[in-house]
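Participant: Below: sequence and its predicted model.
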Amino acid sequence: MKMFPDYTPHPWKSRDPDWGEPGRKGMFLSDQIRRFCDKKLLISEGYSESNLRPAAYTLTIGPKYRDHEGNPGELTEQNPTFEMRPNSIVFVTIAESLDLPYYVAARFNLRVDWVYKGVLLGTGPQVEPGFRGTLSCPLYNLTSRAQTIRLGQEFATIDFERTTDFVKEDPLTVHENLERRGKGFGLQVWPDRILAVRSKTASATWQIPRLQNREFACSDGTRVGIVEKNWDCCGGVVHCSDPCYSESTE
């Protein structure tokens, strides 16, 4: 059973669309941030074009928080603010949800106008590659006056940067190399990313999802085929535009 049964990430979650291009490393500029956010990556929920910066994205205060005594609270449209007491620490969440590809790390930090007010961010700012979820962080009020925090208020910026390569080749290239060496791996496809696995051993057991008349992408991500028969556990034919990927399990 899947841990997140309703979660089907875009293929770019694990496959860098710019693999092999010499200029792909470095911090994302706004065009790259927008490009990935359009695929529900980086900022997967709550993305707003108005919060896009030249090389970063502005994060806003979310509904959940903990006050200086550790009591949980929730901001709403009817009750959109709470006060940080002088010389106190509170925990806030961001309104946006993140979904980072496995080859992208992120850093976030407090906006400078908050620093001028005497509020500091009290956590390490790095977000690990592959992270999915909502960030929370402690805020320190270092002043002798109360500070008002408002739902949806801009309070931090986050930037994104590609990591060094954790494999020497594009994962799909590795897959094709194993195929040529006769290692017994076959075509991998997911529903919506459809999955069918072929083995070259006669005793192989097929675990084929029930599919019919569905398109799939071949192992190089470009060739397209159709499942013409309703597959259950075994039996059926996959026809692909590349004859070397046409297989029968009967």
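Facilitator: Everything's here; your move. Please read all numbers here as calculations on a predicted model, not as lab measurements. Numbering: from 1, shown residues only.
Participant: What segments of the chain are helices?
Facilitator: Here the chain has its helices, by DSSP state H, at 30-37, 112-116, 171-180.
Participant: What about residue 46, how many residues nearby?
Facilitator: When counting by other C-beta atoms under 10 Å, one arrives at 16 neighbours for residue 46. (Glycine included, C-beta is placed from N, CA and C.)
Participant: any idea how far residue 98 is from it?
Facilitator: 10 Å (C-beta to C-beta, to the nearest Å).
Participant: ok, now how distant is the closest residue in space to residue 51 that isn't next to it in sequence from residue 152?
Facilitator: Spatially, and ignoring its direct neighbours in sequence, residue 51 is nearest to residue 58 (4.1 Å; C-beta to C-beta, 6 or more residues apart in numbering). From residue 58 across to residue 152, the span is 11 Å (C-beta to C-beta).
Participant: which intervals of this structure have sub-threshold pLDDT?
Facilitator: Along the chain, the parts satisfying pLDDT under 70 run over 1-5, 123-124, 166-250.
Participant: The same query, at a cut-off of 90, please.
Facilitator: 1-9, 14-15, 19-25, 121-125, 164-250 (pLDDT under 90).
Participant: domain parsing for it?
Facilitator: The chain resolves into domains spanning 11-162, 169-250 when parsed by automatic domain parsing.
Participant: Can you tell me the number of residues neighbouring the residue nearest to residue 46 when sequence neighbours are not counted?
Facilitator: Closest residue to residue 46 apart from its sequence neighbours, by C-beta to C-beta, 6+ apart: residue 96 at 3.8 Å. Burial measure for residue 96: 22 neighbouring residues, criterion other C-beta under 10 Å.
Participant: quick one: residue 96 and residue 45 touch, right?
Facilitator: Yes: using C-beta atoms under 8 Å, residue 96 is in contact with residue 45, at 6.4 Å.
Participant: what's the burial count for the residue nearest to residue 128 when sequence neighbours are not counted?
Facilitator: Using C-beta to C-beta, 6+ apart and skipping residues adjacent in sequence, the residue nearest residue 128 is residue 105, 6.5 Å away. Neighbours of residue 105 under the rule other C-beta under 10 Å: 17.
Participant: ok, now which ones touch residue 105?
Facilitator: Shown in contact with residue 105 (C-beta atoms under 8 Å, 6 or more residues apart in numbering): 126, 127, 128, 129, 160, 161, 163.
Participant: what does residue 97 give?
Facilitator: For residue 97, the contacting residues are 43, 44, 45, 46, 132, 133, 134, by C-beta under 8 Å, 6+ apart.
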